[in-house]
Structure formats: structure tokens, C-alpha cells
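Peer 1: requesting a structural model of the entry that follows:
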Amino acid sequence: MPFFRPGARILEIGAGTGQQAREIARRAFDVSAIEIPSSGYRDARIFPVIDYDGRHIPFPDASFDIVFSSNVLEHVPDLPQLDREILRVLRPGGYCVHVMPTHSWRFWTMLTLVPAAVEYALSGGETGRPHSAAASGSPKSFFYKLRRHFGRHGEHGTLFSEHWLFHPSRWRRTFRADGFEIVEEKPLGIFYTGNMLLGAHLPVARRESMAKVMGSACHLYVIKPALPSR
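Peer 2: Below you'll find the model as predicted:
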């Protein structure tokens, strides 16, 4: 929230259930939220989320002061195209706030795959995560858990190349190539894995302490349109 300037009109890309958009709106921001219609969170929406095709943002030019996403851009098949759309809908002086997974998240998610699958099987399929397509329905087997997570997380690369693809240096290079400059970046300072190992048994304060040793699961980037080169 400290990265959203007062009075800003905000677009959230990849809003999922709309939970974050709702929390931002509660803080007196004007928020629009978009998501692809095939999202597994569609049936669990709690905020007015607008469907879009993943390539063309359904708003006029210069519509928003801030574009926000959280753990979304790694799932975009054609990020340069979406970044062109983001540049189009940003107002003069506008900027983006993106939260991205890190190489640390990828490493620990891979390393904890088997123990998380065992925990999942013993709990009868309960992971402690919020309702989503991944957590709904009948309990799945140990082997389902392995199969679901023994693969890449994002749209590109492999389970192993994501250790590089999710590295902050790679995201910096990607944003600059797409016409942005980095204003600020920082680790968010919380540890978790994509398998939600131990779930609610590890409170946020403990996860913050663990991040100092094991690495932050997410990195925050504040970026703005780069000035044209002379």
C-alpha cells in the first residue's frame, strides 16, 4: 500500500478472486480488476472482475495512474505485448507496481515438493490455502500432488530454468527491454513455498524471520515508462 499514491486510479492485472482489489478499494482507491476467463478463480470471485483476453487491456488510452500485479506476469504468454498495453493505458506520470516470485521461491518450492505432497495426502487434501480451483473438489492423492507441482510454474521455461527466469536480474532486464525503467525494488521479506508446506502452522512473523536466511519468496518492482533516448 505505501507504493500507491493517494487518489490514484489503479488497474490490477490478473486479479484472481479479486481479494486484493477489494482490499485496495477499501482504502479509498478507485480500482479496476481484470482476469482471463479461464482462470481457476473465476467461480470464487468476491469483487467485480472484468474478463479480458490476456493481450488487450479493455480500457482507453491513459486510463490509470498505477498498474498493479501480484505473481502474475510469469504466467503471461506474450509479456512484451501486454507491456505495450500497460504503457498505453498509463497516464502521464503513471507507474507500475509488480510483485514477482523469486529464484528462492522456485528453489524451496522444488525442494519441498515431496514433504508437501506427504502433508497434503495425510491431511486428506487440505492445504490451508484460500478457496481456489486448486483447493476445491474432492481430496487428491499423493501422486496427484506430485504430478501437479513437478513442472514449471510460469508460462515459459522448465522447473529448472525458472531458477534463472525468476531471478531479479532477469526481471530487470525484461522490464527494460519492454520500455520501462526501474524506480525502486526490494524483497518483500516473507518466506513461503508454492506447496504451502506447514500452511498456517508458520505464522507471518516466523516467515519473515525465515526469509532473512532462506530468501524472500517475492520481490517488488516499481517501474515507470522509460524516457525516449535522444
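Peer 1: quick one: contacts for the residue lying closest to Gly93 once chain neighbours are set aside?
Peer 2: Spatially, and ignoring its direct neighbours in sequence, Gly93 is nearest to Asp65 (7.4 Å; CB to CB, 6 or more residues apart in numbering). (C-beta placed from N, C-alpha, C; glycine too.) The contact partners of Asp65, by CB atoms under 8 Å, 6 or more residues apart in numbering, come to 5, 7-10, 90-91, 93-95.
Peer 1: any chance of TSV for these, columns secondary structure?
Peer 2: Putting these into TSV (DSSP: H, G, I helix; E, B strand; the rest coil) gives the following:
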residue	secondary structure
Arg5	coil
Gly7	coil
Ala8	coil
Arg9	strand
Ile10	strand
Leu90	strand
Arg91	strand
Gly93	strand
Gly94	strand
Tyr95	strand
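Peer 1: which one of these is nearest Pro225?
Peer 2: Taking CB to CB as the measure, Pro225 lies nearest Leu90 of the contacts of Asp65, at 6.4 Å.
Peer 1: Glu185 touches Ser216, doesn't it?
Peer 2: No - using CB atoms under 8 Å as the test, Glu185 is too far from Ser216 to be in contact (11.4 Å).
Peer 1: strands along the chain, start to end?
Peer 2: In the chain, the strands defined using DSSP state E lie at 9-13, 30-35, 49-51, 64-70, 90-101, 180-187, 218-225.
Peer 1: buried residues, the longest one. List them.
Peer 2: Residues of strand 90-101 classed as buried by neighbour count (16 or more other CB atoms under 10 Å): 90, 94-101.
Peer 1: CSV for those residues, including pLDDT?
Peer 2: As requested, the buried residues of strand 90-101 are arranged in CSV below (pLDDT from 0 to 100):
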residue, pLDDT
Leu90, 98
Gly94, 97
Tyr95, 98
Cys96, 98
Val97, 98
His98, 98
Val99, 97
Met100, 97
Pro101, 97
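Peer 1: spatially nearest residue to Asp30 (excluding sequence neighbours)?
Peer 2: Arg9 (4.5 Å).
Peer 1: pretty sure the one you found is touching Phe64, no?
Peer 2: Yes - here Arg9 lies in contact with Phe64, judged by CB under 8 Å, at a distance of 5.2 Å.
Peer 1: ok, now how distant is the residue nearest the centre of the chain from Leu188?
Peer 2: In the chain, the residue lying closest to the centroid (CA atoms, centre = their mean) is Asn71, at 1.0 Å. Going from Asn71 to Leu188 by CB to CB, to the nearest Å gives 11 Å.
Peer 1: cool, thanks, signing off.
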